[in-house]
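In: predicted model, plus sequence, below.
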Amino acid sequence: MRRPLGLILVTLGAFCLTLAPLVRFYVADKVVVAPLNRYQKTVLEAQNAEYFDTAAFKSRKGVTLVATNTVRGDVRANNGNDRIAVWDASTELYDKESRKQVDIQGYRIAFDRRTGELVNCCGVQVSGDTNVQMSGFGLLYPLANVRKRDYPFYDMTTKQPVPMRFDGEERLGAMDTYRFVQRIPLTKAEAMDLKVPANMLGMEKTMPAQKVDRYFMATVTQWVDPRTGIPVRVRQNISSTLTTPDGQGSMVVAKADLITTPASQRGLMDLSSGQATRIALVETWVPVGGLFGGLVLLLIGSVIGMSGAKRKEEPLAPRRPDGKFGDARTAAQESEAPDAPRRADGKFGGDSVPADTRSTDEPAWSEQK
């Protein structure tokens, strides 16, 4: 029984040792990737913000602005290349009290599901502009491989990559995060085909309406879970202005310090923690557990198998003096037993019968002869 049990344990140990590298180097590459069908809604809010109300044609100050970011995965847009994920995203900025829309932006990105790096395919666009050439990173950092270094992040407003610089570590609740900061200098975002009254640009009322361009600047801070590459908190200090080509006149279109709301932050942290558990399962727990368990099973199985092989079978009974097998003591007792007494007729048997007790009617064979 021991030898079959040992063989079973050795087989299980060998299976676990084979499974460990298979999960780590093959299954992990299939599991640790960005999803194709992501749906995510994140809300940021800014107190004491400012924007230009185009309906009332006046500036609004001291208001609360809300930015709602929505991400939807398009599972068919990658043309069957499952290494690429395609996500559509939109950001709506509005006045929380009046519900008036201040700005809206939409874009599509395509990126490597493992590294998070942007690729130019599958109809990528920013606000309808399909001629954009994206590079760097978009919404995610390298999955499960975030380092303490700078990353180029593509800014959707200026349509160019801007460094996202590592700025230290910070603990948010029970989660350790890496903090990254991106500083976008005052940059011309687009040339606008319109003219604005000079007095609204801070110029003399007597001056004619001025042609303007849109300029943008921002400081973006992201707190990233290094286990997954998912930003769990975002702060966007933005300023969007209309400025004359010579820089003499300017007006604020939107100015706000947007921060992820507590509810959205909790949702992002839960999402990231769940993803981190799956990553740890296939990259660490199963491989290490399989390796350790396989070695233990091999050791136990080998010990049991060897002990079963060394176990001797019961020895045969010793050969008796008469050439037969049996108990030696029994043979000795038989050898010491006295022979049966010889009968009167010279034979061995039971009690001898005296000659004079024979019947007189019995014929004497000697006489008949």
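Out: Cool, got the structure. Numbering: from 1, shown residues only.
In: can you list the domain ranges for the protein.
Out: Annotated domains of the chain cover 1-30+283-311, 32-260 [automatic domain parsing].
In: quick one, which of the ones you listed is nearest to residue 267?
Out: domain 32-260 (7.8 Å; CB to CB). Every C-beta, even on glycine, is put in place using the N, C-alpha and C of the backbone.
In: okay, now that closest one: how far is its last residue from its first?
Out: Taking CA to CA, to the nearest Å as the measure, domain 32-260 stretches 26 Å from start to finish.
In: so residue 164 touches residue 152, yeah?
Out: Yes - counting by CB atoms under 8 Å, residue 164 touches residue 152, with 7.2 Å between them.
In: which of those two has more neighbours?
Out: For residue 164 versus residue 152, neighbours defined as other CB atoms under 10 Å are more numerous around residue 164 (25 against 15).
In: gap between the more buried one and residue 140?
Out: Taken as CB to CB, to the nearest Å, the spacing of residue 164 relative to residue 140 amounts to 12 Å.
In: follow-up on the earlier one: mutual contacts of residue 164 and residue 152, please.
Out: residue 137 (CB atoms under 8 Å, 6 or more residues apart in numbering).
In: so, low pLDDT: which residues of the stretch 151-300 of the chain?
Out: Low-confidence regions of the stretch 151-300 of the chain, defined by pLDDT under 70, span residues 282-300.
In: try 50 this time
Out: With pLDDT under 50 as the threshold, the stretch 151-300 of the chain has no low-confidence stretch at all.
In: helices of the stretch 201-350 of the chain, start to end?
Out: Along the stretch 201-350 of the chain, the segments classed as helices by DSSP state H, counting those that start in this stretch run 262-280, 286-310, 328-336.
In: check the stretch 1-150 of the chain too.
Out: 2-22, 28-31.
In: pLDDT averaged over the shortest one - what is it?
Out: On average, the pLDDT along helix 28-31 is 62.
In: give me the spatial nearest neighbour of residue 203, chain neighbours excluded.
Out: The shortest distance from residue 203 to any non-neighbouring residue, by CB to CB, 6 or more residues apart in numbering, is to residue 249 (4.5 Å).
In: now do residue 134
Out: residue 118 (4.3 Å).
In: name the residues contacting each of residue 164 and residue 140.
Out: Taking CB under 8 Å, 6+ apart as the contact definition, residue 164 and residue 140 share no neighbouring residue.
In: wait, residue 272 sits on residue 223?
Out: No - with contacts defined as CB under 8 Å, residue 272 does not count as touching residue 223, sitting 10.5 Å away.
In: quick check: neighbours shared by the two?
Out: When contacts are counted by CB under 8 Å, 6+ apart, residue 272 and residue 223 have residue 232 as shared neighbours.
In: low-confidence ranges, the stretch 1-150 of the chain, go.
Out: Those would be none, if you go by pLDDT under 50 across the stretch 1-150 of the chain.
In: tell me where it has strands.
Out: Residue ranges of the strands in the stretch 1-150 of the chain, as given by DSSP state E, counting those that start in this stretch, are 39-53, 58-73, 84-95, 101-112, 118-119, 125-126.
In: what's next to the fifth one, contact-wise?
Out: Spelled out, it's strand 118-119. Residues beyond strand 118-119 that count as contacts (CB under 8 Å, 6+ apart) turn out to be 84, 109, 110, 111, 112, 124, 134, 135, 136, 137, 138, 154.
In: give the partner strands of that strand in its sheet and their orientations.
Out: According to DSSP bridges, the neighbouring strands of strand 118-119, each with its direction, are strand 101-112 (antiparallel).
In: what about residue 56, neighbour count?
Out: That count, for residue 56 with other CB under 10 Å as the rule, works out to 10.
In: residue 112 now?
Out: For residue 112, the number of neighbouring residues by other CB under 10 Å comes to 18.
In: got the contact list for it?
Out: Residue 112 sits next to 83, 84, 119 when contact means CB under 8 Å, 6+ apart.
In: buried only: go through those residues for me.
Out: In the contacts of residue 112, burial by neighbour count holds for 84, 119, counting by 16 or more other CB atoms under 10 Å.
In: can I get the contacts of residue 112 in TSV including distance to residue 58?
Out: Written out in TSV, the entries for those read as follows (distance: CB to CB, whole Å):
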residue	distance to residue 58
83	51
84	46
119	44
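In: nearest to residue 169, out of the contacts of residue 112: which one, please.
Out: Closest approach between those and residue 169, by CB to CB: residue 119, at 30.3 Å.
In: mind listing what the top strand by length along the chain pairs with, with the direction of each?
Out: If you go by DSSP state E, the chain has its longest strand at strand 175-196. The pairing partners recorded for strand 175-196 under DSSP bridges are strand 160-172 (antiparallel), strand 210-225 (antiparallel).
In: which of those sits most buried?
Out: Ranked by mean neighbour count, the strands paired with strand 175-196 are led by strand 210-225 with a mean of 19 (mean count of other CB atoms under 10 Å).
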